[in-house]
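K.L.:
Would you be able to build a 3D model of this:
(chains A and B)
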Number of protein chains: 2
Amino acid sequence: MLNFTFCNPVKIVFGKETIAELETLIPIEKYVMMVYGGGSIKKNGVYEQVKKALKHHDMVEFGGIEPNPLYETCMKAVEICRRDKIDFILAVGGGSVLDASKFIAASVDFDGEDPWEILVKGAEITSAIPIGSVMTLPATGSEMNSNSVISRKSTTEKFHFSSPLVYPQFSILDPETTYSLPERQTANGIVDAFVHVMEQYMTFDVNAPLQDRQAEAILLTLIEEAPKVKANPNDYNARANIMWCAAEALNGVISSGVPQDWATHMLGHELTAVYGLDHAQTLACVLPSLLRNRKNAKLGKLVQMGRRVFGINENDNEKGAEKTIGSIEDFFHSVGMKTKLSDYNIASGDAANKILERLSKRNAIYGEHEDITPDISAEIIKNC
Amino acid sequence: MLNFTFCNPVKIVFGKETIAELETLIPIEKYVMMVYGGGSIKKNGVYEQVKKALKHHDMVEFGGIEPNPLYETCMKAVEICRRDKIDFILAVGGGSVLDASKFIAASVDFDGEDPWEILVKGAEITSAIPIGSVMTLPATGSEMNSNSVISRKSTTEKFHFSSPLVYPQFSILDPETTYSLPERQTANGIVDAFVHVMEQYMTFDVNAPLQDRQAEAILLTLIEEAPKVKANPNDYNARANIMWCAAEALNGVISSGVPQDWATHMLGHELTAVYGLDHAQTLACVLPSLLRNRKNAKLGKLVQMGRRVFGINENDNEKGAEKTIGSIEDFFHSVGMKTKLSDYNIASGDAANKILERLSKRNAIYGEHEDITPDISAEIIKNC
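P.N.:
Numbers count the residues shown, from 1 in each chain, chains lettered A, B, ... in the order given. Model prediction:
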């Protein structure tokens, strides 16, 4: 096992009718900005529940955070926070709303010239407005970590930052808020959580069997629960299990003491930046191609995953690994997720060329062995 | 899944040569009390490492915390803390040292008449001195939770308390500090962690498959790693894996959203109070007897555990459950742990009578269904 430091201070409030707890979770003296997205929370009753719980709090609203949240939009909220001296941000929605809230919270008192530096240069943050969340889309794990991914429209760039200062103080996870998710969003969330686990698990063995099994626990549960929500979107336990899986997939537990990959995410961000695909759609296209390309380096784990997660018993390791990758594709298909760029009418050769150019400029090197050069990345994209 | 709240703010610093990080983990302006036990840390080099890391800090030492730490001993430390205005407690040792440190930290500014009320009456704590730990005995999980168990010599009582105020701010876990543990202590630790998992897992199904698998992940890893440390006490990875298992066994993750039992612990505490057995020795005697007594109520989970943890495939559920219990006993024996009171020259009938009297006085009811009356407890003890 590798040395590690682990700390995750987020308070999770999980279950039915928990949004009402906002009343006591946010100190009454706080001036709250409620940040949300395109308005789905006004259709599924979440907006009313939040307003009711916070009826005695001072609050302003900031709606309109887009999927793949934009720097440009966030900066409008930052302006309001600065002007009105907002001192608590409540994110209500999915990972995009929460990521945006983290960036807003970190930007308000940012000491440099432009908060964009936090993303593009990793500029240091020394303070942030406290954040809480009502998470309504299990996917990114943003409800229980300190990460944020922000895009910039003017430059078609997508970058992430991370700071212990932007851990939500609390996240409310009420599985009933996810009943009304469109099928595409549910599928996106399941695939996103699945690939988060893969980035931390599908690397090389460092003798960390507990972390391996904890990762497999999430994969097995996602595979088991996904068809249940497809069959019945109002299956409380299936929704609850997927919601808890998504939070646990990226809260630092399964990455403790093990190497991590994240190349699939890096290439996925490129595809979203260039073609506007949903984040999870990019992951489902990149992952199988990446696993085939890196099959030798990941052989042991691919075989282990096949055996433990998919029940594949194959004497030939090469064949076992290939069957594992095929089973992952089958799982993605089963939730309604496509796995080829051509399914989105994108010519993978063109995509490879475009992304090669972008990555070469930054000399971007990815993977747990830091051996995925821009050329290899382009090859992976070409085979998506 | 049941509703739950989860929050665990402990910072874990895990790995080789991490004790040196104490220098920056404890603010330099703090006046530190270093609390430790019988002096094993002076033999295994841990004492020197701590002193070296804190050579610029003001520090007093308080040694002599006993296994099953005594209220009487703790109160001597409380007096010193009050007199000298200690404002940081560093626990260096195993669970007993850490439990004592939590009680000391909570007692110094206790508002009532006698801090014993915290234990016996659950009196409220409103402040506590900050605590950090260097954990050298993977067992209790005290390094990553807010629990403490304290005994009182004068009344032969053993009680626990819990408060978010006594979470360690950090815990340093260096697996190399456990190389020199006597075999008995290593075995105690493995059994303790194993039974912690059982208390949170071996109940009834509430449709929480992730928590089940996370629990099984710890059980499987303990079973896999235990023979390795027996064969080679200096096996770094085996020591590391057991150490991380012990912390994860009782940090609140696997108990989130599921029912819990804890009857084995409650009866074990009685046996320790009356006969002075090691905590883990009592658990290894009580658990199999309790599982046989409660076999019907726990049948589904016993069968599941048999299948997933021990690879038992038995069509008859009753037989499957019995084989699971037998496999648990075999595992305890394999680490050198006895499972019968008679192995300690204790007549189980006498023990049952004594404990029946004690439990009846308190009308103590245990178990996940709150159906283990003093009579049933006595029956369980009788069959230990």
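K.L.:
contacting residues for A:Thr373?
P.N.:
Neighbouring residues of A:Thr373 by CB atoms under 8 Å, 6 or more residues apart in numbering or on different chains: A:Ile365. For the C-beta atoms, the positions are set from N, CA and C on the backbone; glycine is no exception.
K.L.:
Ok, the one 10 residues further on next?
P.N.:
A:Asn383 sits next to A:289, A:292-293, A:348 when contact means CB under 8 Å, 6+ apart.
K.L.:
Show me which of those residues are buried.
P.N.:
Listed as buried from the contacts of A:Asn383 are A:289, A:293, A:348; burial here means 16 or more other CB atoms under 10 Å in any protein chain shown.
K.L.:
Name the nearest residue to the last one, sequence neighbours excluded.
P.N.:
Spatial nearest neighbour of A:Ser348, excluding adjacent residues (CB to CB, 6 or more residues apart in numbering or on different chains): A:Leu341 at 4.6 Å.
K.L.:
With the second one instead?
P.N.:
Closest residue in space to A:Asn293, ignoring its immediate chain neighbours: A:Ile380 at 5.0 Å, by CB to CB, 6+ apart.
K.L.:
Surely that neighbour and A:Gly268 touch.
P.N.:
No: taking contacts as CB atoms under 8 Å, A:Ile380 lies outside contact range of A:Gly268: 10.9 Å.
K.L.:
Domain map for chain A?
P.N.:
Chain A is divided into the following domains under automatic domain parsing: A:11-177, A:182-382.
K.L.:
need those in CSV with mean pLDDT, can you?
P.N.:
Output for the domains of chain A, formatted as CSV (pLDDT from 0 to 100):
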stretch, mean pLDDT
domain A:11-177, 96
domain A:182-382, 97
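K.L.:
follow-up on the earlier one: in helices only, show me the contacts of A:Asn383.
P.N.:
Using DSSP state H to define helices, the subset of the contacts of A:Asn383 located there is A:289, A:292-293, A:348.
K.L.:
Same list, these, but as JSON lines with distance to B:Asp235 please.
P.N.:
Formatted as JSON lines, those follow (distance: CB to CB, whole Å):
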{"residue": "A:Ser289", "distance to B:Asp235": "39"}
{"residue": "A:Arg292", "distance to B:Asp235": "36"}
{"residue": "A:Asn293", "distance to B:Asp235": "35"}
{"residue": "A:Ser348", "distance to B:Asp235": "47"}
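K.L.:
any idea where the strands of the stretch 101-250 of chain A begin and end?
P.N.:
Assignment of strands within the stretch 101-250 of chain A using DSSP state E, counting those that start in this stretch yields the ranges A:131-135, A:147-152, A:157-162, A:170-173.
K.L.:
could the ones you listed be laid out in CSV, adding distance to B:Gln211?
P.N.:
Below are the strands of the stretch 101-250 of chain A laid out as CSV (distance: least, CB to CB, whole Å):
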stretch, distance to B:Gln211
strand A:131-135, 19
strand A:147-152, 24
strand A:157-162, 27
strand A:170-173, 15
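K.L.:
Chain B: which of the ones you listed is closest?
P.N.:
strand A:170-173 (8.1 Å; CB to the nearest CB).
K.L.:
Any chance you could list what contacts that closest one?
P.N.:
By CB under 8 Å, 6+ apart, strand A:170-173 touches A:10-15, A:18-19, A:21-22, A:25, A:132-135, A:138, A:143-144, A:243-244, A:247.
K.L.:
Can you tell me the strand partners of it and which way each runs?
P.N.:
When pairing is defined by DSSP bridges, strand A:170-173 lines up against strand A:4-14 (parallel), strand A:131-135 (parallel).
K.L.:
What residues sit buried inside stretch A:19-34?
P.N.:
For stretch A:19-34, by 16+ other CB under 10 Å, it's A:19, A:21-22, A:25-26, A:30, A:32-34.
K.L.:
end-to-end on that stretch?
P.N.:
Using CA to CA, to the nearest Å, the end-to-end distance of stretch A:19-34 comes to 14 Å.
K.L.:
which outside residues touch that stretch?
P.N.:
With contacts defined as CB under 8 Å, 6+ apart, stretch A:19-34 is touched by A:11, A:13, A:46, A:49-50, A:52-54, A:56-62, A:77, A:80-81, A:84-90, A:92, A:104, A:130, A:132, A:134, A:169-170, A:172, A:174, A:177.
K.L.:
how does it look with 6 Å?
P.N.:
The contact list for stretch A:19-34, computed with CB atoms under 6 Å, 6 or more residues apart in numbering or on different chains, reads A:13, A:49, A:53-54, A:57-62, A:86-90, A:92, A:134, A:170, A:172, A:174.
K.L.:
Now, of these, which are buried?
P.N.:
A:13, A:49, A:53-54, A:57, A:59, A:62, A:86, A:88-90, A:92, A:134, A:170, A:172, A:174.
K.L.:
how about A:Cys74, what does it touch?
P.N.:
Per CB under 6 Å, 6+ apart, neighbours of A:Cys74: A:100, A:103-104.
K.L.:
Can you list which of the residues you listed are found in helices?
P.N.:
A:100, A:103-104.
K.L.:
In these, which residue is surrounded by the most others?
P.N.:
Using other CB atoms under 10 Å in any protein chain shown as the neighbour criterion, A:Ile104 leads these with 33 neighbours.
K.L.:
Next one: it from A:Gly64, what distance?
P.N.:
13 Å (CB to CB, to the nearest Å).
K.L.:
What count of nearby residues applies to A:Met337?
P.N.:
22.
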